[in-house]
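Asks: sequence first, then the predicted structure, then my questions.
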Amino acid sequence: MPSKTCPHCRKPFPNADCLNRHISHSEKCLTEHKEDIARRGIDAWSMPVKNGESLSQEEYVDTVDPLQPMNDIDLDLEINVEELSLDNEDIGDPLPIATDTSAAPNQALSPPQDAAPSNHHSSRQTTVEEVPDEGDLLENDRYIHPCPKELQAGVPIGHGVPDFEKIRERLNNEGNEWRPFADEDKWELAEWLLCNVSQMQAEAFLKLPITQQCIKPSYGNLKTFMKKIDQLPTQTPEWKCDIITVTGDKIDCNGKLAVEELELWHCNPIECVKELFGNPAFHDLLAYAPEKAYTDENGTNQIYDEMWTGDWWWETQKKLPFGATIAALILSSNKTQLTQFHGDKSAWPIYLTLGNIDKVTRRRPTAHATVLIGYLPVAKLECFKDDTHSVTGYCHEGVDILCADTFIRRVYLLLAAYMADFPEQCLVACCKESYCPKCCVEPSQRVILEHKKSGHHVPAFTKEGLRLVWKSFWIELLHCDIFTCFTPDILHQLHKGVFKDHLVDWCMEIASKTEIDEQFKRMPNFPGLRHFKKGISFVSQWTGREHKEMQCVFISILQDAVQPAVLRTAVAVVDFIYYSRLYVHTSEMLASLESALKTFHDNKQIIINTGV
């Protein structure tokens, strides 16, 4: 039986919430409700109090019985029923308690002048308050030690006008800043077509009769549209295509060695670096000198978050001439096939970014902080070194670059990091796959390389997993140790390698697959944790996401299922993975990571003894 009835239209409702929503959506009832409130002369600052706090608007509405006539209700609050809706939206902040309770109800009051704005929301609105975890680094916990002044790192040597400003001034002088488009509307249409739809969809859109008759763009198809885009006043590096002739070891039908032509697309990396340094969008995001950051004023706990806070930049700066600015080059390549050309040829992309740009910007695709510098053919060619000659020269001599802050600096291009998955790390390091790309050869074994270069068969060469290649592109780069340039491949080395392919397999052998699966099945459901209701032995396709979700519960799965030493080994591995994934590292965190690694080595003997 309905317990509430609208006092204006007498329509019944099951509860007060439904009644309030009805009033807020009924124009007639809402108007009458406002008139009744206005006749009462409500004091918005003298409202009921519950538990020492003022009631929110919805709480107060719930205290009013719609069945009671309006002239019998002691209203102390002006109810804004427009904000009472069917959804659980934020209705507003609660009003503060009146500072003068003796004021007459009809007296116009002003809110207290010293009342601070409240971030507290309605009691019906679920809110989450961000509370820093214990040990989190706050902005005021950061103490900066700049680079010594005597090194003059990043000191400008001149002043100039950025290319962007030159282009804008030229367009303004010509009277059309939207050139080559007629006006801003045509420019926005072109931007939308280029950034939001595929080329096939853009072609179909441009051929629509309504587009050609009403919008009337200056381009009627995709080909003319792309030509229009190419007319934009940009200063991007020019792309070049070199035809590489490769002689194989097979005999063709003419009795000669077969020859194949490959396309090598590339642009000048120096121009790409200049474009990144001169981009006005990076004006406040570029670092020109190293620095050291600490969590304490005494400098006992160092912070490692940006590349210029690392030890490499600090130490390398000391090896360069005074006033030098380091351009920390970060190269990345991906073996994933990018596109297909005629025949069976394909190409892989090579990307370039700068460690001088903060990592948040580098990781954001829309910031365009990473540029494409080349497409490498699938074949492993010896010509890649030729494309790096320009970088090699500027490693030793430096190049004057106009930066985003309009100052000119002497910049030395140094390879700081190479981002690649494990197979490509082995390829760049000139070693066979499954061998460590960072291992060092003992001095007494260096004669192995000398004998191999002389053409002799050296069994140790094959044993060490070395790959016979042409002089690598990084061999002449200044201050470049390619083996330390490789960034950790957390997906393949930790998630898929150490954790899934080793630790999980070891534990499933020790405790049995059935026991591990049953433990996963018995895990209760909990928000934020994945429930492997069928176990893990039946999962055929694993990704990094599954690995991370398994790591969240894996230690609890092993409890009472394996020996204590095995459990300690597993805890050490998972701790190491979690420490390695931290967004910011400190000296203390790195010590904890080292401790986890030591714990693993101290307890791994039980894994060896079981023979798994």
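Replies: Sure, I can see it.

Asks: show the backbone phi and psi for Cys399.
Replies: Wrong residue type there; residue 399 is Val, not Cys. Backbone torsions for Val399, taken as degrees, to the nearest 10, come to phi -140, psi 140.

Asks: pLDDT averaged over the helix or strand hosting Thr31 - what is it?
Replies: In this assignment (DSSP states H and E), Thr31 forms part of helix 27-40. Helix 27-40 comes out with an average pLDDT of 79.

Asks: using PDB, list the CA coordinates for it.
Replies: Taking Å, rounded to 0.1, in the frame of the first residue of the first chain, the C-alpha atoms of helix 27-40 are listed here in PDB:
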ATOM      1  CA  GLU A  27       6.400  20.900 -13.800                       C
ATOM      2  CA  LYS A  28       3.100  21.600 -12.200                       C
ATOM      3  CA  CYS A  29       3.900  20.100  -8.800                       C
ATOM      4  CA  LEU A  30       7.400  21.600  -8.800                       C
ATOM      5  CA  THR A  31       5.900  25.100  -9.400                       C
ATOM      6  CA  GLU A  32       3.400  24.700  -6.600                       C
ATOM      7  CA  HIS A  33       6.100  23.300  -4.300                       C
ATOM      8  CA  LYS A  34       8.300  26.400  -4.900                       C
ATOM      9  CA  GLU A  35       5.400  28.700  -4.300                       C
ATOM     10  CA  ASP A  36       4.700  27.000  -1.000                       C
ATOM     11  CA  ILE A  37       8.400  27.300   0.000                       C
ATOM     12  CA  ALA A  38       8.500  31.000  -1.000                       C
ATOM     13  CA  ARG A  39       5.400  31.700   1.100                       C
ATOM     14  CA  ARG A  40       7.100  30.300   4.200                       C
END
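
Asks: who are the packing partners of it?
Replies: Here helix 27-40 touches helix 16-25, going by 3 or more Cβ pairs under 8 Å, 6 or more residues apart in numbering; DSSP states H and E. Quick note: C-beta positions are derived from backbone N, CA and C, even for glycine.

Asks: could you give the angle of the helix it packs on to helix 27-40?
Replies: Here helix 16-25 runs at an angle of 100 degrees relative to helix 27-40 (axes from the mean of the first three to the mean of the last three Cα atoms, to 10 degrees).

Asks: send me helix 16-25 as PDB with only the CA atoms.
Replies: Extracted C-alpha coordinates of helix 16-25, given in PDB (Å, rounded to 0.1, in the frame of the first residue of the first chain):
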ATOM      1  CA  ALA A  16       9.600   9.600   0.100                       C
ATOM      2  CA  ASP A  17      12.400   9.100  -2.500                       C
ATOM      3  CA  CYS A  18       9.900   8.400  -5.300                       C
ATOM      4  CA  LEU A  19       7.800  11.300  -4.200                       C
ATOM      5  CA  ASN A  20      10.800  13.700  -4.200                       C
ATOM      6  CA  ARG A  21      11.800  12.500  -7.700                       C
ATOM      7  CA  HIS A  22       8.200  13.000  -8.900                       C
ATOM      8  CA  ILE A  23       8.100  16.600  -7.700                       C
ATOM      9  CA  SER A  24      11.400  17.300  -9.400                       C
ATOM     10  CA  HIS A  25      10.200  16.100 -12.800                       C
END
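
Asks: number the chain from 897, please
Replies: All set: I'll call the first residue 897, so the last point we hit is now helix 912-921.

Asks: buried sites along that helix?
Replies: Across helix 912-921, burial judged by 16 or more other Cβ atoms under 10 Å covers Ala912, Asp913, Cys914, Leu915, Asn916, Arg917, His918, Ile919, Ser920.

Asks: please report how far the fifth one lies from Ser922.
Replies: Here the criterion is Cβ to Cβ, to the nearest Å. By it, Asn916 lies 11 Å from Ser922.

Asks: overlap in contacts, these two.
Replies: Overlap of the contact sets of Asn916 and Ser922 (by Cβ atoms under 8 Å, 6 or more residues apart in numbering) is empty.

Asks: tell me the domain ranges of this structure?
Replies: 900-933, 1155-1326+1363-1381, 1386-1506 (the TED database).

Asks: doesn't Cys905 make contact with Lys924?
Replies: Yes: assessed by Cβ atoms under 8 Å, Lys924 is found in contact with Cys905 at 7.0 Å.

Asks: okay, now the unreliable bits of the stretch 1147-1296 of the chain?
Replies: Counting by pLDDT under 70, the ranges of the stretch 1147-1296 of the chain that qualify are 1148, 1231-1243, 1274-1292.

Asks: could you pull out the helices in it for me?
Replies: 1165-1174, 1207-1215, 1255-1258, 1285-1293 (DSSP state H, counting those that start in this stretch).

Asks: can you redo the ones you listed as a markdown table with mean neighbour count and distance to Asn1092?
Replies: As requested, the helices of the stretch 1147-1296 of the chain are exported to a markdown table (neighbours: other Cβ atoms under 10 Å; distance: least, Cβ to Cβ, whole Å):
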| stretch | mean neighbour count | distance to Asn1092 |
| --- | --- | --- |
| helix 1165-1174 | 21 | 24 |
| helix 1207-1215 | 16 | 39 |
| helix 1255-1258 | 15 | 22 |
| helix 1285-1293 | 16 | 36 |
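
Asks: format the ones you listed as a markdown table; extra columns: distance to His1427.
Replies: A markdown table is the format used below for those (distance: least, Cβ to Cβ, whole Å):
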| stretch | distance to His1427 |
| --- | --- |
| helix 1165-1174 | 45 |
| helix 1207-1215 | 43 |
| helix 1255-1258 | 33 |
| helix 1285-1293 | 51 |
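
Asks: any chance of the buried residues of helix 912-921 in a markdown table, with pLDDT and distance to Asp1081 too?
Replies: Below are the buried residues of helix 912-921 laid out as a markdown table (pLDDT from 0 to 100; distance: Cβ to Cβ, whole Å):
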| residue | pLDDT | distance to Asp1081 |
| --- | --- | --- |
| Ala912 | 79 | 51 |
| Asp913 | 75 | 47 |
| Cys914 | 79 | 48 |
| Leu915 | 83 | 49 |
| Asn916 | 81 | 45 |
| Arg917 | 79 | 42 |
| His918 | 84 | 45 |
| Ile919 | 84 | 44 |
| Ser920 | 79 | 40 |
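
Asks: run a quick neighbour tally on Pro1105.
Replies: 7 (other Cβ atoms under 10 Å).

Asks: show me what contacts it?
Replies: Contacts for Pro1105 (Cβ under 8 Å, 6+ apart) come out as none.

Asks: with Leu1182 instead?
Replies: With contact taken as Cβ under 8 Å, 6+ apart, Leu1182 is in contact with Phe1173, Leu1250, Asn1252, Ile1253, Cys1299, Ala1300, Asp1301.

Asks: got the phi and psi for the nearest residue to His1179 once chain neighbours are set aside?
Replies: Counting by Cβ to Cβ, 6 or more residues apart in numbering, His1179 lies nearest to Ala1300, which is 4.3 Å off, once chain neighbours are set aside. Backbone torsions for Ala1300, taken as degrees, to the nearest 10, come to phi -70, psi -20.
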